[in-house]
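**Student:** when you get a sec, could you give me coordinates for this:
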Amino acid sequence: MKIYLATGNKNKKKEMAELLPDHEIVIPADEGISFDPDETGTTFYENSIIKAKALYDIVHAPVIADDSGICVDAIGGRPGIYSSRYAGPDFPQGKPDGSKISQEEQNIFLISELNKALETPKPEYENFFHGPRSCHYTCAFVLYMGDDRLYVVQETFEGTLIEDISKQAGNGGFGYDPIVFLPEYNKTVAQITADEKNAISHRGKAVSAIKGIIDKL
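**Tutor:** Prediction:
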């Protein structure tokens with residue numbers, strides 16, 4: 001089946017093609033479609049629906065869309081839905097002019113923001129999934145086949161944020177992956193293989209659930 005993926009991110013297309021090898025994955029740019037919807041939702045779920053519906057209204061064919069990001073527990077789940085726009089503690093939802101900083105700067109800012117928060121320990125920090133440095137990726141995934149036919153799943157991928165940017169490691173993955181450490185693997189997300197990541201990641205688990213739905217349709 002030909003399925004449109006509501007993104008301009010070629011890394012996501014590659015990852016999705018690996019996760020759904022029996023289907024043709026197409027992004028808007030592949031067909032010269034201008035696609036940049038305003039993500040005005042306040043949750044991952046809302047933003048995924050916005051993107052899916054916007055593309056469906058153009059192509060009138062099955063669309064998959066996700067909204068995902070990294071959430072650091074001790075700083076209130078930031079940057080969350082603003083992960084791609086995050087520009088440090090002064091601009092946690094992105095700069096007012098819409099400009100973006102580099103991924104390296106985002107990584108440095110996020111580690112620094114967590115380190116500052118942990119200077120004042122709080123009892124609840126110990127209750128987080130992996131303790132005070134606990135973080136997780138979240139992915140809300142939608143298969144959109146019309147206003148009255150859509151399917152949604154949401155999954156997480158748990159880890160910890162490294163203590164210093166000098167400890168970032170790995171060339172795999174993208175985004176914040178080099179600074180998210182997986183205790184059970186003793187590696188960062190960027191150090192595990194694509195197959196390992198797809199089996200345990202927020203997006204991998206969400207797509208697996210969506211694939212099960214697609215196979216039954």
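**Student:** show me what the closest residue to residue 6 other than its chain neighbours is bridged to.
**Tutor:** If you skip the residues right next to it in sequence, residue 6 has residue 65 as its closest partner in space, 3.6 Å away by CB to CB, 6 or more residues apart in numbering. From N, CA and C alone the C-beta is placed, and that goes for glycine too. With DSSP bridges as the criterion, residue 65 is bridged to residue 142.
**Student:** give me the pLDDT value at residue 65.
**Tutor:** pLDDT recorded at residue 65 is 95.
**Student:** same check, this time on residue 173
**Tutor:** 78.
**Student:** try residue 37
**Tutor:** pLDDT, residue 37: 92.
**Student:** does it really touch residue 57, like I thought?
**Tutor:** No - in this structure, residue 37 is not within contact of residue 57 by CB atoms under 8 Å, at 9.8 Å.
**Student:** between the two, who's got more neighbours?
**Tutor:** Higher neighbour count among residue 37 and residue 57: residue 37, with 15 against 12, using other CB atoms under 10 Å.
**Student:** for residue 96, see how far away residue 155 is.
**Tutor:** To residue 96, residue 155 is 32 Å away according to CB to CB, to the nearest Å.
**Student:** between those two, who's got more neighbours?
**Tutor:** Per other CB under 10 Å, whichever of residue 155 and residue 96 has more neighbours is residue 155, with 21 against 8.
**Student:** partners of the helix or strand harbouring that one in the sheet?
**Tutor:** Using DSSP states H and E, residue 155 sits in strand 150-161. Strand pairing for strand 150-161, determined by DSSP bridges: strand 134-144 (antiparallel), strand 180-182 (antiparallel).
**Student:** as JSON lines, those strands with distance to residue 82, mean neighbour count and mean pLDDT would be great.
**Tutor:** JSON lines is the format used below for the strands paired with strand 150-161 (distance: least, CB to CB, whole Å; neighbours: other CB atoms under 10 Å; pLDDT from 0 to 100):
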{"stretch": "strand 134-144", "distance to residue 82": "12", "mean neighbour count": "24", "mean pLDDT": "96"}
{"stretch": "strand 180-182", "distance to residue 82": "17", "mean neighbour count": "22", "mean pLDDT": "98"}
